[in-house]
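Q: predicted structure and sequence below. I'll ask about it afterward.
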Amino acid sequence: MAPTDGADIDRVKKATASDSAEQSTDSATENSAEDKITEYLSAHPDFFVDHPELLATLLATMAPPTRDFGPADTSETGSSETGQIVDLQQYMLRETRARAADLEGQLSEIVGLAREGLHGHARIQAAVLEIIAAQNLNEVIEVVTQDLMTTLDLDVVIIAVEGGAAERGKVPLFSTDGVRVMPEGYIAEALGQADVILHENISGDRRLYGSAAELVRSQALIRLDVIPGEPAALLAMGVRRLNEFGPQQGTDLMSFLGEVLTLSIRARLGQLD
């Protein structure tokens, strides 16, 4: 092996000293950051009250302190090996936090659905009151096709009837301003045997919505049996928001709105028993 001269020794010492200095600086920086964090949190005890989402993130990701149980006592078993006690604290904490986060998410979803349901009920009730308050048939149509867009937060509302009955001239509704006349068989094509159909992701039908069809991406279609024995009418409500209506939603409120509108139209036509 070649002899090591004094210069080599000096270089090794300098390198070692440099590494030690860097480690010392890093350690000092880390300690300084920890001190600042500790000092700040001590001075602001309500910090996590104002930032609960940060606390939830920290609890879900940071490791809790471990506990040192020392060697296990194996004297009763006669074993000469040094045993180990497994601390399940961290595992249990992680599982508990994960479960709590999952339950919190489910609760938020339930609360959100409940709020939406209450909001929907309130809007439908307001719409029903507006329809009932209309003085005549023209006002009923105006309320439905114009005012309900604001009340129910819709982009377009249409009342449609099939042309067959309009041609026979038996139902004044069919010649009322604001009512769209559709080809015979359209309502059966749109609804089938259902009274309410909800679509969550569609392209609006130009035959039904006219120039507003480009806005419609979700819709509710409601059958209106205005005159027994005559082709049904149709209430169509469209919005530009996807998933506003969909098969996962209940149809009770929509059916109720349709029934109220049907009875109101019949009353204005003098068709109530």
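A: Cool, got the structure.

Q: can you give me the strands in this protein?
A: With strands called from DSSP state E, the chain shows them at 156-162, 179-182, 196-199, 218-224, 233-239.

Q: any idea which of these scores lowest on pLDDT?
A: Among those, strand 179-182 has the lowest mean pLDDT, at a mean of 84.

Q: pairing partners for it, with directions?
A: When pairing is defined by DSSP bridges, strand 179-182 lines up against strand 156-162 (parallel).

Q: got the CA coordinates for the strand it pairs with in CSV?
A: Only the C-alpha atoms of strand 156-162 are listed here, as CSV (Å, rounded to 0.1, in the frame of the first residue of the first chain):
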residue,chain,number,x,y,z
VAL,A,156,-86.0,26.1,-20.4
VAL,A,157,-89.5,24.9,-19.6
ILE,A,158,-91.9,23.7,-22.3
ILE,A,159,-95.5,22.5,-22.3
ALA,A,160,-96.1,20.4,-25.4
VAL,A,161,-99.2,18.7,-26.9
GLU,A,162,-99.6,16.5,-29.9
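
Q: next, the angle from it to strand 218-224.
A: 40 degrees (axes from the mean of the first three to the mean of the last three Cα atoms, to 10 degrees).

Q: got a list of contacts for stretch 43-59?
A: For stretch 43-59, the surrounding residues in contact (Cβ atoms under 8 Å, 6 or more residues apart in numbering) are 40-41, 97, 101, 104. Just so you know, the C-beta spots here come from the backbone N, C-alpha and C atoms, and that holds for glycine as well.

Q: let's see that with 6 Å instead.
A: Residues outside stretch 43-59 that contact it (Cβ atoms under 6 Å, 6 or more residues apart in numbering): 41, 97.

Q: okay, and for this structure, where does confidence drop off?
A: 1-30, 55-93, 96, 100, 103-120, 164-177, 271-273 (pLDDT under 70).

Q: what about the nearest residue to residue 198 once chain neighbours are set aside, neighbour count?
A: Spatially, and ignoring its direct neighbours in sequence, residue 198 is nearest to residue 245 (4.0 Å; Cβ to Cβ, 6 or more residues apart in numbering). Residue 245 is flanked by 25 other residues according to other Cβ atoms under 10 Å.

Q: next one: residue 142
A: 16.

Q: against residue 178, how distant is it?
A: 7 Å (Cβ to Cβ, to the nearest Å).

Q: before we move on, back to that, got the contact list for the residue nearest to residue 198?
A: 198, 200, 218, 220.

Q: now the two most distant members of these.
A: 200 and 220 (10.2 Å; Cβ to Cβ).

Q: neighbour count winner among the two?
A: residue 220 (25 against 16).

Q: which residues touch that one?
A: Residue 220 touches 198, 237, 245, 254, counting by Cβ under 6 Å, 6+ apart.

Q: many thanks, we can stop here.
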